[in-house]
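> Below is the structure, and that's it, no one-letter string:
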């Protein structure tokens, strides 16, 4: 049953990629962060990091030692307990299948894997809130406490909700608020 679902999910995902003009390589999708290096000395434990993606902004909490906690949709943990496979950078196929299946995890990755070659903004969201962020150490401890599997919802429980809860004590997503206004 699990194998049939995986085959169907892979088929469906391949069709989604085809329809949305994502690059279809040889079938082996490799994550490449490029040659971008990051000066982590400018980050403080508990900082809110954000990176631009094609259609959205991705958020995480800096934990120190070149690591970031972030909520990311991922289908692979549903089908495998192999931690070495799961630890690899989440590819587009895994991410989209995680969104469709509404499964995610709050995981800790390197700054390079989190940023995936994009420029990083630090605490940029502080100006959007009318109250001060929580102390940085409390922010980092909240993020560390939440590491693990979580349900995912593009509108109600995404990476932005995760970081705003950790840093400001409120579940907020300005990106989804904008989408809901349009709908």
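Nice, I can see it. Note that the coordinates shown come from a computational prediction; the quantities given were computed from them, not determined experimentally.
> how many other residues sit next to residue 61?
28 (other C-beta atoms under 10 Å). Backbone N, C-alpha and C define where each C-beta goes, glycine included.
> for the helix or strand harbouring it, packing partners?
Residue 61 belongs to strand 57-64 when assigned by DSSP states H and E. The contact analysis (3 or more C-beta pairs under 8 Å, 6 or more residues apart in numbering; DSSP states H and E) places strand 57-64 against strand 48-52, strand 67-73, helix 111-115, helix 136-145, helix 159-168.
> Just put the ones you listed in TSV and tack on distance to residue 87.
Formatted as TSV, those follow (distance: least, C-beta to C-beta, whole Å):
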stretch	distance to residue 87
strand 48-52	20
strand 67-73	12
helix 111-115	9
helix 136-145	17
helix 159-168	18
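> Just send those back as a markdown table, with mean neighbour count and mean pLDDT too.
Below are those laid out as a markdown table (neighbours: other C-beta atoms under 10 Å; pLDDT from 0 to 100):
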| stretch | mean neighbour count | mean pLDDT |
| --- | --- | --- |
| strand 48-52 | 20 | 96 |
| strand 67-73 | 23 | 96 |
| helix 111-115 | 21 | 95 |
| helix 136-145 | 18 | 98 |
| helix 159-168 | 23 | 97 |
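> Just list the residues touching residue 109, thanks.
Residues near residue 109 by C-beta atoms under 8 Å, 6 or more residues apart in numbering: 67-68, 70, 89.
> at 7 Å instead, please
Neighbouring residues of residue 109 by C-beta atoms under 7 Å, 6 or more residues apart in numbering: 67-68, 70.
> what do you get for residue 44?
Per C-beta under 7 Å, 6+ apart, neighbours of residue 44: residue 136.
> A strand includes it, no?
No - applying DSSP: H, G, I helix; E, B strand; the rest coil, one finds residue 44 to be coil, outside a strand.
> Would you list the phi and psi of it?
Per-residue torsions, residue 44: phi -110, psi 150 (degrees, to the nearest 10).
> now swap in residue 85 and tell me
The phi/psi pair for residue 85 (degrees, to the nearest 10) reads phi -70, psi -40.
> tally of neighbours for it?
Residues within reach of residue 85, counting by other C-beta under 10 Å, total 11.
> now it: how far from residue 171?
When distance is defined by C-beta to C-beta, to the nearest Å, residue 85 is 31 Å away from residue 171.
> How about residue 119?
Taken as C-beta to C-beta, the span from residue 119 to residue 171 is 26 Å.
> Give me the residue at the spatial middle of this structure.
By C-alpha atoms, centre = their mean, the chain has its centre lying nearest to residue 72, at 3.2 Å.
> Skipping adjacent residues, who's closest to that one in space?
With C-beta to C-beta, 6 or more residues apart in numbering as the criterion, residue 72 has its nearest non-adjacent residue at 5.5 Å, and that residue is residue 90.
> So the one you found lies in a strand, does it not?
No - counting by three-state DSSP, residue 90 is not found in a strand; it is coil.
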